[in-house]
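[1] just to be clear, the model below is a prediction. Sequence and coordinates:
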Amino acid sequence: MDKLPIDNVMDDPQWRPMLDEIHDHLMYVLQDRLGWQSISSPEMSLGGGHVVIRFEKNGARMVFRVPRHGVQQLKRSMLAYRHLGHLGFMPEKIYHDGKCILESHAEGVALNPTVSDAVLAQLATQLAQMHAVPAQQYGPLDFDLQGSHAHAAAYYLGRPPITLDRSEADLTPAQSDVLDAALLQLAAIPADLITAKTFLGHGDLWRNNILVDKDMFTIIDWDRIGAYPREYDLVFLLEADLSARQRGIFLEHYGHTVNLGLLKWFAKRRTLLNRGLRLPKMIQKITEIDVI
């Protein structure tokens, strides 16, 4: 197999050694481990957590991922396959080793209000099974923090307060009040979080990691699986623009008790840490969360 044309990522020379090493390992996996002599339509992208190469083989789309933050990412993905693979909502795993994972490409679009009631019910039922697995430790939220915590709140007690650059927007007094109130609320650890039980959770379950295709769904990016309060995983209920009726359908089939106060706290925190949002949009989302 000739060298693949995957130079469409970036021209920065600092990335060249890493990308060449990834390319060589991909060739090793395809030729030596899987015995494949050809693939088609390869393309590479560089994400926050992985270097990803997508390609086609015999008409099937596949994804080759190499973690950017170490082998611990792969170990956690394998943990997910081992404990949750039977639920059928993960991409098919084709190959993995200590450097990479090769999966089937997950079809579909990010979770959104057009999702059918049947898919919402199925999503709730299967997440309920995952969230029924008890856990004693909180698990990693960041790849640079792999330590264990006595309880969920202990992680946040050691985190610096959230700060925002307000110079980018000319906020009204009312907008500033909303932002100040949210930052003050998030600076305090909710009492319910200190006593919250933790369960097996995805750890990064937002709308873009729940892909819906017709009457089925796939959940991707499992390298933050760990022990979390259920509400930490369920923030997507408030950020995916689902209606009150749709949230009701999910919760009816989910079955577990959900602490709405904790859910809002996690949702606000994720919103204010999303640097892709401008301040007015953050404030709009915070306001929407408050009225739920």
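    The structure has been received and is ready for your questions. The structure displayed is predicted, hence computed values, not measured ones. Numbers count the residues shown, from 1 in each chain.

[2] give me the below-cutoff pLDDT ranges for the stretch 51-200 of the chain.
    Within the stretch 51-200 of the chain, the stretches with pLDDT under 70 are 136-148.

[3] for it, which segments count as strands?
    For the stretch 51-200 of the chain, the strands defined by DSSP state E, counting those that start in this stretch occupy 60-67, 93-96, 101-104, 109-110, 134-135, 198-201.

[4] which among the ones you listed is found nearest to residue 208?
    When the strands of the stretch 51-200 of the chain are compared for distance to residue 208 using CB to CB, the nearest one is strand 109-110, at 4.6 Å. The way it works is simple: take the backbone N, C-alpha and C, and place the C-beta from them, glycine included.

[5] in its sheet, what does the closest one sit against?
    With DSSP bridges as the test, strand 109-110 is paired with strand 210-213 (antiparallel).

[6] after the strand it pairs with comes which helix or strand?
    strand 216-219 (DSSP states H and E).

[7] buried ones in that following strand?
    Applying a neighbour-count criterion of 16 or more other CB atoms under 10 Å, the buried positions in strand 216-219 are 217-219.

[8] what's the answer for stretch 126-136, then?
    Residues 126-127, 130-131 are the ones in stretch 126-136 that count as buried (16+ other CB under 10 Å).

[9] picking up where we left off before, who wins for proximity to residue 212 among the strands of the stretch 51-200 of the chain?
    If you check each of the strands of the stretch 51-200 of the chain against residue 212 by CB to CB, strand 109-110 wins as the nearest, at 6.1 Å.

[10] ranges for the helices of the stretch 51-200 of the chain?
    Here the stretch 51-200 of the chain has its helices, by DSSP state H, counting those that start in this stretch, at 71-84, 117-130, 152-157, 173-187, 191-195.

[11] which elements pack onto the third one?
    It stands for helix 152-157. Counting contacts by 3 or more CB pairs under 8 Å, 6 or more residues apart in numbering; DSSP states H and E, helix 152-157 packs against helix 191-195.

[12] from the contact counts, what lies against the helix it packs on?
    Helix 191-195 sits against helix 152-157, helix 260-272, with contacts defined as 3+ CB pairs under 8 Å, 6+ apart.

[13] for the ones you listed, give me TSV that also has mean neighbour count and distance to residue 199.
    Formatted as TSV, these follow (neighbours: other CB atoms under 10 Å; distance: least, CB to CB, whole Å):
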stretch	mean neighbour count	distance to residue 199
helix 152-157	18	11
helix 260-272	20	13
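
[14] export those helices as JSON lines, with columns for distance to residue 278.
    Output for the helices and strands packed on helix 191-195, formatted as JSON lines (distance: least, CB to CB, whole Å):
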{"stretch": "helix 152-157", "distance to residue 278": "25"}
{"stretch": "helix 260-272", "distance to residue 278": "12"}
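
[15] quick one: closest of these to residue 193.
    For the helices and strands packed on helix 191-195, proximity to residue 193 was assessed by CB to CB; helix 152-157 is nearest, at 4.4 Å.

[16] please state the offset of that closest one from the chain centre?
    Distance of helix 152-157 from the chain centroid (CA atoms, centre = their mean, to the nearest Å) equals 20 Å.

[17] quick one: contacts of stretch 263-274?
    Residues from elsewhere that reach stretch 263-274 (CB atoms under 8 Å, 6 or more residues apart in numbering): 162, 164, 182-183, 185-186, 190, 193, 206, 229, 231-232, 234-235, 237-239, 277, 282, 285-286, 289-290, 292.

[18] off-centre distance for that stretch?
    On the basis of CA atoms, centre = their mean, stretch 263-274 sits 14 Å off its chain's mean C-alpha point.

[19] now the phi/psi pair for the spatially closest residue to residue 99 that is not a sequence neighbour, please.
    Take residue 99 and drop its neighbours on the chain: the residue closest to it by CB to CB, 6 or more residues apart in numbering is residue 25, 5.6 Å away. In terms of degrees, to the nearest 10, the main-chain angles of residue 25 are phi -70, psi -40.

[20] can you check residue 242 too?
    Summarising the backbone geometry of residue 242 under the convention degrees, to the nearest 10, its torsions are phi -70, psi 150.

[21] my read is that it contacts residue 114, right?
    No: in terms of CB atoms under 8 Å, residue 242 does not count as a neighbour of residue 114; the distance is 10.3 Å.
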